[in-house]
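For reference, the sequence and a predicted model appear below.
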Amino acid sequence: MRLALFQPAIPQNVGACIRLSACFGVDLHVIEPVGFTFDDRAMKRAALDYGPLGHLVRHAGWDQFQTDRGPGRLVLFTTRGATPLNDFRFRSDDTLLFGSETAGVPEPVHAAADARVLIPIRPGARSLNLSVSAGIGLFEGLRQTSAA
């Protein structure tokens, strides 16, 4: 299982996802461009001491990510036309994709997904933080595939 972030804008979210991927032993793919520099203090502070970052793979853009990501389904976490998390069955070779905090993903990325998953939240609640959503989705995927 892999975790992927599409054009993240907030360095603290990437830092938290670095920690998440290191703690659960999964690769983290970051699809550029991003809204910060990778030497950003806020990202480094959020990631703490989880370097060296051998589990972090940066892609220059969507096309490079699609070429390099490897086998398995692309599972997009989204609020549009999605299967609720508790009804979705993960596979060990899935790539879990999370969109930008401000814009989500564009239609071509949405269309490329093999599956779409929704994390149900209370009616009237606006949204979850990117790294919180990634943690919820990743843990459930690993739990179902007996990797957690």
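Thanks, I have the structure now. Residues are numbered from 1 along each chain as shown.

and after the least confident helix or strand in the chain by mean pLDDT, which helix or strand comes next?
Least confident helix or strand of the chain, by mean pLDDT, DSSP states H and E, is helix 41-47 with a mean of 60. Next helix or strand after helix 41-47 toward the C-terminus (DSSP states H and E): strand 56-59.

buried set for that following strand?
Residues of strand 56-59 classed as buried: 56, 57, 59 (neighbour count, 16 or more other CB atoms under 10 Å). All C-beta atoms are positioned from the backbone trio N, CA, C, and that covers glycine.

For residue 9, state which of those residues is nearest.
residue 59 (16.1 Å; CB to CB).

Just the closest of the buried residues of strand 56-59 to residue 72, please.
residue 57 (14.7 Å).

That closest one and residue 2: what is the separation?
9 Å (CB to CB, to the nearest Å).

shared neighbours of the two, anything?
27, 28, 29 (CB atoms under 8 Å, 6 or more residues apart in numbering).

beta partners of the second one?
According to DSSP bridges, the residues that bridge with residue 28 are residue 3, residue 56.

who's in contact with residue 137?
With CB under 8 Å, 6+ apart, residue 137 has these contacts: 77, 85, 96, 98, 117, 119.
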